[in-house]
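S.K.: Quick one: sequence and predicted model below, then my questions.
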Number of protein chains: 2
Amino acid sequence: MQSEKVQSLAADMRRLAEAARDASRALARADTRAKDLALRAAADAIRGRTKQILAANAEDLESARKAGQNAAYLDRLALDEKRIEGIAKALLDVAALPDPVGEVTQSWRRPNGLEIRKVRIPLGVVLMVYEARPNVTVDAAGLCLKSGNAAILRPGSDALRSSLALAEAFAEGLEKAGLPAASAQVVPTPDREATFELLQLDDLIDLAIPRGGPSLIRAVAERSRVPVVKHYQGVCHLYLDESAPSKQAVDIALNGKVQRPGVCNALECLLLHRGAAAKLLPVVGRALAEAGVELRCDPTALTILKRAGIRAVPAAPEDFGKEFLDKILAIRVVPDLDGALDHIARYGSLHTEAIVTRDLANARRFQREVIASAVMVNASTRFNDGGELGLGAEIGISTTKLHAFGPMGLAELTTQKYLVEGEGHVRQ
Amino acid sequence: MQSEKVQSLAADMRRLAEAARDASRALARADTRAKDLALRAAADAIRGRTKQILAANAEDLESARKAGQNAAYLDRLALDEKRIEGIAKALLDVAALPDPVGEVTQSWRRPNGLEIRKVRIPLGVVLMVYEARPNVTVDAAGLCLKSGNAAILRPGSDALRSSLALAEAFAEGLEKAGLPAASAQVVPTPDREATFELLQLDDLIDLAIPRGGPSLIRAVAERSRVPVVKHYQGVCHLYLDESAPSKQAVDIALNGKVQRPGVCNALECLLLHRGAAAKLLPVVGRALAEAGVELRCDPTALTILKRAGIRAVPAAPEDFGKEFLDKILAIRVVPDLDGALDHIARYGSLHTEAIVTRDLANARRFQREVIASAVMVNASTRFNDGGELGLGAEIGISTTKLHAFGPMGLAELTTQKYLVEGEGHVRQ
């Protein structure tokens, strides 16, 4: 019985992926007008179906509550009229972005007269695996559609009813534009094995994007035969160099830690140059403490803060390299820039790293030597975001160096092929 | 005992990968001059050690011969003075290429004044898994070095002694330039499990490139936790459209099939428009047959060729979609361009596809709708090659859409990070 069930699930997932593959062929040929029409019609349909979507969401919330999920989790899962309007609006924003497909990124002529162009094409079929956040279902479907990819959407099971209701509205938009309904499919079962079955189908699926906590990412990466771009955690550091001006140090530390502590480009660890700690730490620490941040400090930082009458606690070794996603900050005093670079190389997560300095040489060394998808000089880590960097909407922030490192916008959902034109050219 | 041996192999491979990771940090900081100096000194060292290298190669050849390997295999394994000179020369060619690292590919300013640059950085550590071809050891080591990556080189076991001898010479070049010897390491054991141990180390290795036959690629893709860019087979098609001029048809078919039949961008299947087959097939078929090509035909093509007195045989169903790598060509007559597009979508391998036509609309449709790393119009499939396209040397031709689709040159061995500069900018 068990094995029969597994076989039937595998067959279902293959059929779903085959439908996505077929849809992706049509999407690759679809012109920008049709895709934008679908996006706008989907936005309308979502607005029009607000009631049904909220009803489905209420059921999701009810069972998540019964399962004992915490308030932050329920908040991410919950929809209301304003949030649904936000979801619809996001589709209109994607419709307004330029179509990456067909863009010629380079072209040149060879000495033998061959003409060569590199042109963007869709990846094909993209599998998104994410947490119980219904808005991601529509965001991902919209970005995939605009970039000509079919999307297979796999939300956390607590968001399944909401996601199916949203996907139904999205399909209405697709239909209006004459595009296949299988362009955006929500996996219709909460069975966890469904994900692993899909991850075996490297003949049908071109890319898997897991977005969520460490255990989700690890499970996907370990069991996938489909290429994976990980959207993993951000253990982001801010290093205050000896010459860091106090005001910038305070502003950037505070913005990084407090503006939105639960996101991946929030600050998790503050490093200070030994020569500046006595001056900077009291002001920066006070601002953070007043904003309700718990400061977990190495002995040097702890002494300075205590002396200044600022509440702080000793850091445990595991506080360095930790993604708190909360109003908690690890603090360490380092001997110099090299100390900061060593700390970041050891504890960073390739996501976002920042320095505040007035020293040009140190700024340049920091930019050159830090390996991270974004390296900030005198700017908040919070700017590592597709919208803030000017890429338009993003499907997430990749911490995988391959293919896309950093925010993944529409261009990063494409690949490029070579177009070569000759007049009977043959190779010598 | 067995499990002790496995544990010790795992520990050895981890140590090797850790040394590569450390070396990659130094390489990322190395300037172009040092890398080029190392490449030139390595070329000198290879020339200077010709005798030792040939002696090691003789041992490799001896045991491969005893193991019953065929002539083509032994030819790919064999070195002589001329080939060693070619290997050294290839390093000088790489030294002469521009350094991709540090290249700013885009830069812009945001409305808030933030300045943003995208800059190329090395991937880190690259694992090459390939067949018993000693020249690949040095080619890959050279391309990785120039692009700032540490290389772990895993040749087929029959090429181990030759590869170790070449790597020793390469290390001499690294030493002369003050770069770490672990920048290019050959896995020093023929144990097949070593590859699988390395493929588990996604904390230390950034990219695995398998290059070889289907079973090698499959084994690597299935068992790797490290991101994989596959350099897989090429089932390349040439479609002769109704308007194809005879001379171009003959030249391009012949060049694709005969110039070097054993490579991945060689032609494996000829498709002809029904309306042109009676005219084109006799001339094209005769030229191919005279060049010693076995023609495996669908019934329509077979009838035309027989009538013209040209030797041909019926195709088996499995001849379509097959990579012959030999003087064998599958031939099919299709109703029209759509028939050709359908055939290619079904049997192609995303590598290289070509059309010969005088019809602009058909050329454009073929370019748009065929999904392959290179799409040729009136040019031979053999041009899908890093050197021929003008990218400089290549480490292989990727058939994975992610990261790099098509020839992988130096730029494709890098990733890009964002450099963001502000003046105390914080996010609103």
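M.R.: Structure received.

S.K.: how about the nearest residue to A:L204 once chain neighbours are set aside, secondary structure?
M.R.: Closest residue to A:L204 apart from its sequence neighbours, by C-beta to C-beta, 6 or more residues apart in numbering or on different chains: A:A17 at 4.0 Å. All C-beta spots, glycine's among them, are computed from the backbone N, C-alpha and C. Of the three states, A:A17 takes helix under DSSP: H, G, I helix; E, B strand; the rest coil.

S.K.: The lowest-mean-pLDDT helix or strand in chain A packs against which elements?
M.R.: Across the helices and strands of chain A, mean confidence by mean pLDDT, DSSP states H and E is lowest for helix A:214-223: a mean of 87. Here helix A:214-223 touches strand A:207-210, going by 3 or more C-beta pairs under 8 Å, 6 or more residues apart in numbering or on different chains; DSSP states H and E.

S.K.: one step back: who touches the residue nearest to A:L204 in this structure?
M.R.: A:125, A:152, A:198, A:201, A:204-205 (C-beta atoms under 8 Å, 6 or more residues apart in numbering or on different chains).

S.K.: I'd like those residues written out as a markdown table, with pLDDT, distance to B:A140 and secondary structure added.
M.R.: Converted to a markdown table, the contacts of A:A17 look like this (pLDDT from 0 to 100; distance: C-beta to C-beta, whole Å; DSSP: H, G, I helix; E, B strand; the rest coil):
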| residue | pLDDT | distance to B:A140 | secondary structure |
| --- | --- | --- | --- |
| A:V125 | 98 | 31 | strand |
| A:I152 | 98 | 35 | strand |
| A:L198 | 98 | 33 | helix |
| A:L201 | 96 | 31 | coil |
| A:L204 | 96 | 31 | coil |
| A:I205 | 97 | 29 | coil |
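
S.K.: Same list, those residues, but as CSV with neighbour count please.
M.R.: Below are the contacts of A:A17 laid out as CSV (neighbours: other C-beta atoms under 10 Å in any protein chain shown):
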residue, neighbour count
A:V125, 29
A:I152, 29
A:L198, 25
A:L201, 23
A:L204, 23
A:I205, 25
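
S.K.: quick check, nearest of those to A:Q185?
M.R.: Closest approach between those and A:Q185, by C-beta to C-beta: A:I152, at 5.6 Å.

S.K.: I figured the closest one hits A:R21, correct?
M.R.: No: A:I152 lies out of contact with A:R21 (C-beta atoms under 8 Å); the separation is 10.1 Å.

S.K.: Between the two, which contacts overlap?
M.R.: Common neighbours of A:I152 and A:R21 (C-beta under 8 Å, 6+ apart) are A:V125.

S.K.: contacting residues around the residue nearest to A:P122 when sequence neighbours are not counted?
M.R.: Residue nearest to A:P122 in three dimensions, not counting chain neighbours: A:G148, with 3.3 Å by C-beta to C-beta, 6+ apart. Residues near A:G148 by C-beta under 8 Å, 6+ apart: A:24, A:27-28, A:30, A:35, A:101, A:121-122, A:414.

S.K.: now, which of these lie within strands?
M.R.: Among the contacts of A:G148, the members found in strands (DSSP state E) are A:121-122, A:414.

S.K.: just to revisit the earlier point, buried ones in the least confident helix or strand of chain A?
M.R.: For helix A:214-223, the neighbour count (16 or more other C-beta atoms under 10 Å in any protein chain shown) marks A:216-217, A:219-221 as buried.

S.K.: show me where pLDDT drops low in chain A?
M.R.: Where chain A drops to pLDDT under 70, the residues are A:1-2.

S.K.: please redo it, this time with the cut-off set to 50
M.R.: Flagging of chain A using pLDDT under 50 yields the residue ranges A:1.

S.K.: how does it divide into domains?
M.R.: When chain A is parsed with automatic domain parsing, its domains come out as A:2-232+A:404-420, A:236-389.

S.K.: tell me how far the longest one is from the chain's mean position?
M.R.: On the basis of C-alpha atoms, centre = their mean, to the nearest Å, domain A:2-232+A:404-420 sits 13 Å off its chain's mean C-alpha point.

S.K.: ok, now the last one?
M.R.: On the basis of C-alpha atoms, centre = their mean, domain A:236-389 is displaced by 22 Å from the centre of the chain it belongs to.

S.K.: Any idea how far apart the tips of that domain sit?
M.R.: Using C-alpha to C-alpha, to the nearest Å, the end-to-end distance of domain A:236-389 comes to 17 Å.

S.K.: ditto for stretch A:215-231
M.R.: End-to-end distance for stretch A:215-231: 12 Å, by C-alpha to C-alpha.

S.K.: What are the contacting residues of that stretch?
M.R.: Around stretch A:215-231, the neighbours that count as contacts under C-beta under 8 Å, 6+ apart are A:127, A:129, A:131, A:195-196, A:198-202, A:205-212, A:232, A:264, A:396-400, A:402-404, A:408, B:202, B:221-222, B:225, B:227-228, B:400, B:402.

S.K.: Which of those are buried? Put it as a PyMOL command.
M.R.: In PyMOL, a selection of the buried entries from the contacts of stretch A:215-231 looks like this (16+ other C-beta under 10 Å):
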select buried, (chain A and resi 127+129+131+195+196+198+199+200+201+202+205+206+207+208+209+210+211+212+232+264+396+397+398+399+400+402+403+404+408) or (chain B and resi 202+221+225+227+228+400+402)
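
S.K.: Looking at the contacts of stretch A:215-231, which are in strands?
M.R.: Per DSSP E, the contacts of stretch A:215-231 map to strands at A:127, A:129, A:207-210, A:396-398, A:408.

S.K.: What about A:L271, how many residues nearby?
M.R.: When counting by other C-beta atoms under 10 Å in any protein chain shown, one arrives at 27 neighbours for A:L271.

S.K.: rewinding a little: neighbour count for the contacts of A:G148 - can I get that in TSV?
M.R.: Shown next, in TSV, are those (neighbours: other C-beta under 10 Å):
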residue	neighbour count
A:S24	27
A:L27	30
A:A28	18
A:A30	22
A:K35	24
A:V101	25
A:I121	23
A:P122	27
A:T414	23
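
S.K.: So which of those residues is the closest to A:G142?
M.R.: Distance to A:G142, by C-beta to C-beta, is smallest for A:K35 among those, at 9.6 Å.
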